[in-house]
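Asker: Sequence and predicted structure below; questions after.
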Amino acid sequence: MTFFNKDDIINAFHYRASTRSYDGNKKIPAEDFNYILELGRLSPSSVGSEPWQFLVLQNPDLRQKIKPYCWGIPTMETSSHIVVILAKKNARYDTPYFGEIMDRRGLQGEAREKAMQVYKKFQTEDAHIADNERTLFDWASKQTYIALANMMTGAAMIGVDSCPIEGFAYQEVNQILAEAGLFDPAEWGVSVMVTFGYRDKEIRQKARKDFDEVVKFIE
Ligand SMILES: Cc1cc2nc3c(=O)[nH]c(=O)nc-3n(C[C@H](O)[C@H](O)[C@H](O)COP(=O)(O)O)c2cc1C
C-alpha cells in the first residue's frame, strides 16, 4: 500500500471549492469520471447499507427541466457531469432490502438472526430511525453525504471541481425525475445532487472557523 503525502492531501482540500461557474467546453474524461463514481461506490455506510444510487444526469432536456427548481443555476447547463444521488426511502431492519445487506455480509442462520436483533434495536430503540418514512429517508440520506464528500474530495485530488447542490425544490425535482422513469418514488428519493467540471475563474479563499473553535481534546 502506498500512503500519500500529507501536504498533497491538505493542498487538495484547500483547492476543493464549491464551483459555481464552469468552463462549459471542458469535459471530464470518462476514465476520470468513473474513478469519481467508484469513490462513491466504495464509501462506507451505516451497517453496510449502501442506501444510494448515483444517477449521472447528462440528458440536456432533463437538466433544463429541473434547472428552474435548482435555484436556476447556470451550472445545470455548463457542468461536465451532474450526479443526482438517490437515497433509499424504506431501509427498515425487517425489509427484503435489509435481507440483501445481510446476504452481502454473508450472514446466515443464527448470526443473521443476531444481527437482525441488533439492527432492530438500533433502528427502533437507540436511534429511532424506524419511527417513520422521513426518519428512514434522512438516515439513508446521511449515508449518501459520505459518498458525496468522498467523490468531491477525490475529484479535487485529480484537479476536477465540484459543487454540492442541496438547494432545490425536492417535490418538483423528485417528480420530474421519477416521471422520466429514473426511479420508483415509492422506493427512492433525491437526497442531494453534485455538479462536476472545471472552474473557469479563481475562487475566493476558504472561510473557516479556527481549529481551536471546532476541536476540543478531552483528557
Ligand atoms: C450538503 C451541502 C449542500 C450544499 N448545497 C449548495 C447549493 O445548493 N448551492 C450552492 O451554491 N452551494 C451549496 N453548497 C456549498 C456550500 O455553500 C459551501 O460548501 C460552503 O459555503 C463552503 O465553501 P467551500 O465548499 O467552497 O469550501 C452546499 C454544501 C454542502 C456541504
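Answerer: Perfect, thanks for sending it.

Asker: any idea how far Met151 is from Leu42?
Answerer: 10 Å (C-beta to C-beta, to the nearest Å). Where you see a C-beta, it was placed from the backbone N, CA and C, and this is true even at glycine.

Asker: Which of those two has more residues huddled nearby?
Answerer: Higher neighbour count among Leu42 and Met151: Met151, with 26 against 10, using other C-beta atoms under 10 Å.

Asker: Who are the packing partners of whichever strand or helix holds Glu110?
Answerer: For Glu110, the element it lies in under DSSP states H and E is helix 109-121. Helices and strands touching helix 109-121, by 3 or more C-beta pairs under 8 Å, 6 or more residues apart in numbering; DSSP states H and E, are helix 96-104.

Asker: residues making contact with the helix it packs on?
Answerer: The contact list for helix 96-104 (C-beta atoms under 8 Å, 6 or more residues apart in numbering) reads 47-51, 88, 90-92, 112, 115-116, 119.

Asker: What is the nearest of those residues to the ligand?
Answerer: Comparing the contacts of helix 96-104 against the ligand with C-beta to the nearest ligand atom places Pro51 closest, at 16.7 Å.

Asker: For the lengthiest strand in the chain, list the C-alpha coordinates in PDB.
Answerer: Criterion DSSP state E: the longest strand present in the chain is strand 188-197. Below are the C-alpha coordinates for strand 188-197, written out as PDB (Å, rounded to 0.1, in the frame of the first residue of the first chain):
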ATOM      1  CA  TRP A 188     -36.100   6.100  -3.700                       C
ATOM      2  CA  GLY A 189     -35.900   9.900  -3.300                       C
ATOM      3  CA  VAL A 190     -33.400  12.500  -4.300                       C
ATOM      4  CA  SER A 191     -31.000  13.200  -1.400                       C
ATOM      5  CA  VAL A 192     -28.600  15.700  -2.800                       C
ATOM      6  CA  MET A 193     -27.000  16.500  -6.200                       C
ATOM      7  CA  VAL A 194     -23.500  17.400  -7.200                       C
ATOM      8  CA  THR A 195     -22.100  19.100 -10.300                       C
ATOM      9  CA  PHE A 196     -18.600  18.400 -11.600                       C
ATOM     10  CA  GLY A 197     -16.400  20.200 -14.200                       C
END
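
Asker: Just the strands from the protein, written as ranges.
Answerer: Taking DSSP E as the test, the strands found in the chain are 52-56, 81-88, 161-165, 188-197.

Asker: Flag every buried residue along stretch 144-163.
Answerer: Neighbour counts using 16 or more other C-beta atoms under 10 Å place 144-145, 147-152, 154-157, 160-163 of stretch 144-163 among the buried residues.

Asker: cool, stretch 126-135 as well?
Answerer: Residues 129-130 are the ones in stretch 126-135 that count as buried (16+ other C-beta under 10 Å).

Asker: List the contacts of that stretch.
Answerer: Residues contacting stretch 126-135 (C-beta under 8 Å, 6+ apart): 89-90, 92-93, 122-124, 136, 139.

Asker: For the residue positioned nearest the centre of the chain, give me its contacts.
Answerer: For the chain, Leu148 is the residue whose C-alpha lies nearest the centre (C-alpha atoms, centre = their mean; 3.3 Å). Leu148 makes contacts with 40, 85, 164, 192, 194, as judged by C-beta under 8 Å, 6+ apart.
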